[in-house]
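[1] take this sequence and fold it.
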Amino acid sequence: MNNYRVYCITENKQHNVVSLTEPTHCPVSAEHIINGNLTTILELDIIDPVLQRTDATAQVIDATYDHKEIDGHAYYRKKRAELVKLILVGTITEDDADFIDVKLQNVQMKINTGDWKSAKKRLQEATVEGAFTQSMYDEYLTEIDDYILNNY
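    The predicted structure is shown next:
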């Protein structure tokens, strides 16, 4: 694990990132743009304090969650924006969006922590009903399955 400093162009701000590999995304949001030329290594071969009692393999596994968590935040924001768009065009109501949000809160929680496989399990536990339609369920399942296939 190394400690990097990255410069987020979007925020006009520097952030420190502890990662096994050189960061390519802003730790605040995957949608933010960083200037890779300004990325610097602050410290090499550090031990993540959370994992200092574990082996190197556990540290490598933990490092993969940095990117999965950033991707999860971006995915959640995308899906939230899609619901708002459906409200704006009159396809669903605010109450429908709230129903969907409550229905998927366990899925969202797992995605936001970078645990996409558990998010899939929570989705499979959700019942299709009301504003949470079969096509919406299928879309979530396909997108989560694609992410798992490409990132695990």
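[2] just say helix, strand or coil for residue 7.
    State at residue 7, reduced to three classes by DSSP: H, G, I helix; E, B strand; the rest coil: strand.
[3] from residue 77, how far out is it?
    22 Å (C-beta to C-beta, to the nearest Å). C-betas here are computed from N, CA, C, even on glycine.
[4] got it, and residue 89?
    According to C-beta to C-beta, residue 89 and residue 77 sit 19 Å apart.
[5] for this structure, what spans make up the helices?
    56-88, 94-103, 105-112, 116-125, 134-151 (DSSP state H).
[6] residue 89 and residue 77: which is more packed in?
    More neighbours sit around residue 77 than around the other of residue 89 and residue 77, counting by other C-beta atoms under 10 Å; the figures are 14 against 8.
[7] contacts only, for that one.
    Contact criterion C-beta atoms under 8 Å, 6 or more residues apart in numbering gives 29, 31 as the residues in contact with residue 77.
[8] now do it against residue 60, distance only.
    Distance of residue 77 to residue 60, given as C-beta to C-beta: 28 Å.
[9] just residue 21 next, same as before
    With distances taken as C-beta to C-beta, residue 21 is found 10 Å from residue 60.
[10] where does pLDDT dip in the protein?
    47-55 (pLDDT under 70).
[11] try it again with 80
    For the chain, the stretches flagged by pLDDT under 80 are 1-3, 19-20, 30, 42-64.
[12] give me the most central residue, it.
    Central residue of the chain (C-alpha atoms, centre = their mean): residue 72, 1.3 Å from the mean position.
[13] am I right that that residue is in contact with residue 116?
    Yes. If you go by C-beta atoms under 8 Å, residue 72 and residue 116 touch, sitting 7.0 Å apart.
[14] before we move on, the earlier item: same list, the helices of the chain, but as CSV with distance to residue 25 please.
    Supplementary listing: those in CSV, determined by distance: least, C-beta to C-beta, whole Å:
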stretch, distance to residue 25
helix 56-88, 5
helix 94-103, 26
helix 105-112, 15
helix 116-125, 16
helix 134-151, 13
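[15] just those helices: most buried one?
    The highest average neighbour count among the helices of the chain, using mean count of other C-beta atoms under 10 Å, belongs to helix 105-112 at a mean of 18.
[16] can you list the domain ranges for this structure.
    For the chain, the domain assignment from automatic domain parsing gives the residue ranges 2-46, 57-151.
[17] how far out from the middle of the chain is the longest one?
    Read it as domain 57-151. For domain 57-151, the distance between its averaged C-alpha position and the chain's averaged C-alpha position is 9 Å (C-alpha atoms, centre = their mean, to the nearest Å).
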